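Engineer: sharing a sequence plus its predicted fold:
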Amino acid sequence: MARHLITSALPYINGIKHLGNMVGSMLPADVYSRYLRQTGHEVLFICATDEHGTPAELAAQEAGLPVSEFCAQAHDAQKAVYDGFGLSFDHFGRSSSPQNREITQEIARELQRNGFIEERSIRQVYSNTDGRFLPDRYIVGTCPHCGYDKARGDQCENCTRVLDPTDLLEPRSAISGSADLEVRETRHLFLLQSKLTGEVERWIADHGDDWPVLASSIARKWLTEGLQDRSITRDLEWGVPVPADVWPELAAEGKVFYVWFDAPIEYIGATKEWADAAPAERRDWKSWWYEADESVRYTQFMAKDNVPFHTVMFPATILGSRRPWKKVDYVKAFNWLTYYGGKFSTSQKRGIFTDVALELLPADYWRYFLMAHAPESDDSSFTWDLFASVVNKDLADTLGNFVNRVLSFSRKRFGDDVPAGAAAGEAEARLGEQIAGLLAEYEAQLDALNFRKAAQALRALWSAGNAYLDEKAPWQQVKTDPEAAALTLRTAMNLIRLYAVVSEPFIPTAAAAMRGAFALPTDGRTWITGEEARALDLVPAGTPFTVPPVLFAKITDEDLSAWTARFGGTEA
Ligand SMILES: [Zn+2]
């Protein structure tokens with residue numbers, strides 16, 4: 001059995017994330033982690049909040065809180081939502097942790113020792129009123145090309161031209177609105193990525209073919225444009241400080257590392273946080289990351305905009321450290337989930353946010369819909385009509401109704417134990433073959449990280465139960481041949497037991513309810529073999545059972561119109 005290291009791209013600290021963020025990294029990483037754990041693999045599933053940088057500082061300012069306090073609260077708020085979604089992180093850390101600081105500083109020292117860091121002077125806009133250097137996007141002014149008066153220092157969003165802050169007419173601070181700006185000389189550390197281009201190219205040539213096209217094509221495109229040296233420090237209060245033992249002057253000036261330098265290192269930092277959180281368990285974080293042997297397979301999940309950082313820039317940092325840190329084996333990237341064809345937007349509050357989603361419906365509804373419509377090969381669009389039809393058809397009718405009618409009918413006719421009935425016949429043998437085939441398909445798609453196809457196979461497993469039930473019609477059989485009806489119901493209950501196990505990666509709460517229906521001795525069962533699927537005798541006759549409450553309620557027309565009105569269900 002392999003040891004699977006799984007990371008999801010780190011959600012930024014500022015603001016609750018929307019459903020597009022959820023399906024683009026954290027949720028598929030959770031489904032995959034659960035599946036691997038259930039099939040007997042050792043899994044370490046790591047995520048964290050990405051906490052440094054100007055947006056966090058400004059949000060804290062707006063909230064009237066010290067930035068450390070703001071981040072602590074925002075971290076807890078995000079963590080609560082992810083718990084609500086059933087995300088089974090082994091650790092959900094914070095990039096502002098002492099562990100990440102220590103490892104980030106150590107990697108910077110090694111890059112310096114190996115000649116990949118250089119100190120350079122640059123000219124940057126300083127705001128006298130704000131008492132700080134301004135990042136390009138925090139300078140606004142009039143675009144010299146189109147006259148738009150709210151152009152940002154990095155780009156004009158009206159004519160989309162890329163700008164330099166000094167291009168802007170009547171520049172002012174986006175923070176205070178002050179025009180009291182000047183250009184000052186300031187020194188920063190640069191990571192000499194240009195010197196690492198060849199190594200990164202060779203590494204991608206060796207590994208990129210194994211990645212899905214979406215990830216490898218983005219990485220290669222980025223490389224053909226050439227790796228530029230990039231500034232890895234900023235004049236900010238909030239960040240990992242430049243270590244004073246190597247750069248005493250820069251440290252004295254209060255320079256911190258740029259958020260994009262320390263954020264991916266937090267994958268390692270959070271793993272150390274995980275180990276430090278339980279000293280008695282002697283968790284060996286280094287065995288996952290440092291001189292990790294070939295049994296460790298590292299899979300990263302992210303949206304496509306994050307691919308360059310994970311496949312090119314972070315590997316360049318790791319390669320330049322000349323230390324045996326583990327590098328990614330498989331990059332699973334996602335396109336965008338859109339809201340009625342337009343962008344979900346945190347800043348414009350467009351679409352559905354994860355905390356609000358959980359107020360409307362339990363997590364399983366969202367988990368199943370999002371994974372069944374994951375933006376894998378292309379963008380996919382959320383609409384309320386589509387969501388309601390998938391929930392009602394797949395979850396309420398195909399799965400939920402099957403479970404409920406089988407158990408209720410059996411209890412009514414045969415009492416509180418699984419009935420024995422006749423011996424399995426030809427129909428049951430055919431069903432077993434079909435179920436075993438679909439289970440193999442489901443496993444193959446999950447092994448290949450094809451989530452939409454995996455969801456299709458899962459739905460096909462549920463449908464097979466319905467087809468069998470319709471064919472045998474136990475409510476008719478019972479009138480003439482109670483033994484035959486009992487066989488049908490016992491077989492259907494075995495399917496419920498199978499669904500309880502194999503549906504867990506997608507819908508863990510409903511899976512637990514299905515599991516709980518049968519009073520089976522604890523058998524530690526986590527998965528089902530093809531053989532067992534074919535035999536369909538996981539639940540012996542005589543096993544006591546209960547009828548769980550309705551697993552999935554239907555979304556009504558009233559719900560639909562209320563939600564469409566509340567969230568705006570129209571084309572962008
Ligand atoms: Zn413009």
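Structural biologist: Sure thing, it's come through.
Engineer: what number of residues lie near the spatially closest residue to Met1 that is not a sequence neighbour?
Structural biologist: Excluding its sequence neighbours, the residue lying closest to Met1 (CB to CB, 6 or more residues apart in numbering) is His41, at 5.1 Å. From N, CA and C alone the C-beta is placed, and that goes for glycine too. Neighbourhood size, His41 [other CB atoms under 10 Å]: 14.
Engineer: distance check, the nearest residue to Thr383 once chain neighbours are set aside against Val331.
Structural biologist: In space, and not counting its chain neighbours, Thr383 is closest to Tyr340: 5.7 Å by CB to CB, 6+ apart. Between Tyr340 and Val331 the computed distance is 29 Å (CB to CB, to the nearest Å).
Engineer: now do Asp136
Structural biologist: Distance from Asp136 to Val331, counting by CB to CB: 29 Å.
Engineer: so which of these two has more stuff around it?
Structural biologist: It is Val331, of Asp136 and Val331, that has more neighbours when counted by other CB under 10 Å, with 24 against 16.
Engineer: in a strand, that's where the more buried one is, yeah?
Structural biologist: Yes: applying DSSP: H, G, I helix; E, B strand; the rest coil, one finds Val331 inside a strand.
Engineer: I'd say it and Pro212 touch.
Structural biologist: Yes: contact status for Val331 versus Pro212: in contact at 7.4 Å, counting by CB atoms under 8 Å.
Engineer: how about the strands in the stretch 451-572 of the chain?
Structural biologist: Using DSSP state E, counting those that start in this stretch, no strands are found in the stretch 451-572 of the chain.
Engineer: which SSE is immediately downstream of the helix or strand hosting Val81?
Structural biologist: Per DSSP states H and E: Val81 is located in helix 67-84. Stepping forward along the backbone from helix 67-84, the first helix or strand reached (DSSP H and E) is strand 91-94.
Engineer: helices or strands up against that next one?
Structural biologist: With contacts taken as 3 or more CB pairs under 8 Å, 6 or more residues apart in numbering; DSSP states H and E, strand 91-94 sits against strand 42-49, helix 67-84, helix 98-113, helix 259-276.
Engineer: let's see that with 7 Å instead.
Structural biologist: Other elements packing on strand 91-94 under the criterion 3 or more CB pairs under 7 Å, 6 or more residues apart in numbering; DSSP states H and E are strand 42-49, helix 67-84, helix 259-276.
Engineer: mind checking which of the ones you listed is nearest Thr354?
Structural biologist: The closest of the helices and strands packed on strand 91-94 to Thr354 is helix 67-84. By CB to CB, the value is 4.9 Å.
Engineer: ok now the closest one, how far from the chain's centre?
Structural biologist: 17 Å (CA atoms, centre = their mean, to the nearest Å).
Engineer: identify all contacting residues around the helix holding Val81.
Structural biologist: 11, 13-14, 16, 26, 49, 51, 56-57, 59-60, 63, 92, 94, 96, 238, 354-355, 358, 363 (CB atoms under 7 Å, 6 or more residues apart in numbering).
Engineer: wait, the residue nearest to Thr383 touches Ser381, no?
Structural biologist: Yes: Tyr340 is within contact range of Ser381, at 6.5 Å (criterion: CB atoms under 7 Å).
Engineer: could I get the full set of strands for the stretch 251-400 of the chain?
Structural biologist: For the stretch 251-400 of the chain, the strands defined by DSSP E, counting those that start in this stretch cover 256-257, 296-303, 330-334, 337-339, 380-382.
Engineer: in CSV, list the ones you listed along with mean pLDDT and distance to Glu532.
Structural biologist: Formatted as CSV, these follow (pLDDT from 0 to 100; distance: least, CB to CB, whole Å):
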stretch, mean pLDDT, distance to Glu532
strand 256-257, 97, 52
strand 296-303, 97, 27
strand 330-334, 95, 29
strand 337-339, 93, 36
strand 380-382, 95, 34
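Engineer: compare those and give me the one nearest the ion.
Structural biologist: The ion sits nearest to strand 337-339 of all the strands of the stretch 251-400 of the chain, at 25.6 Å, using CB to the ion.
Engineer: other SSEs contacting the closest one?
Structural biologist: Judged by 3+ CB pairs under 7 Å, 6+ apart, the packing partners of strand 337-339 are strand 380-382.
Engineer: partner strands of the strand it packs on, with direction?
Structural biologist: Sheet pairing of strand 380-382 (DSSP bridges) gives strand 337-339 (parallel).
Engineer: chain center to the partner strand: distance?
Structural biologist: Distance, stretch centre to chain centre, for strand 337-339: 16 Å (CA atoms, centre = their mean).
Engineer: contacts for that strand next, please.
Structural biologist: Strand 337-339 is contacted by residues 19-20, 23-24, 344, 350-351, 375, 379-382 when judged by CB under 7 Å, 6+ apart.
Engineer: against Thr54, how distant is Gln61?
Structural biologist: 10 Å.
Engineer: I figured Ile107 hits Ser321, correct?
Structural biologist: Yes: if you go by CB under 7 Å, Ile107 and Ser321 touch, sitting 5.0 Å apart.
Engineer: quick one: the helices in the stretch 301-450 of the chain, in order.
Structural biologist: Listed in chain order, the helices of the stretch 301-450 of the chain (DSSP state H, counting those that start in this stretch) span 307-308, 314-321, 354-360, 363-372, 384-390, 402-414, 426-447.
Engineer: list only those of the contacts of strand 337-339 flagged as buried.
Structural biologist: The neighbour-count test (16 or more other CB atoms under 10 Å) marks 19-20, 23-24, 344, 350-351, 375, 380-382 as buried among these.
Engineer: distance to the ion for those residues - can I get that in CSV?
Structural biologist: Formatted as CSV, these follow (distance: CB to the ion, whole Å):
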residue, distance to the ion
Leu19, 32
Gly20, 28
Val23, 33
Gly24, 30
Phe344, 25
Arg350, 23
Gly351, 27
Pro375, 30
Ser380, 32
Ser381, 30
Phe382, 32
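Engineer: report the lowest-confidence entry in those residues.
Structural biologist: Lowest pLDDT within the buried ones among the contacts of strand 337-339 is found at Arg350 (74).
Engineer: look up the residues forming beta bridges with it.
Structural biologist: With DSSP bridges applied, Arg350 shows beta-bridge pairing to Ser345.
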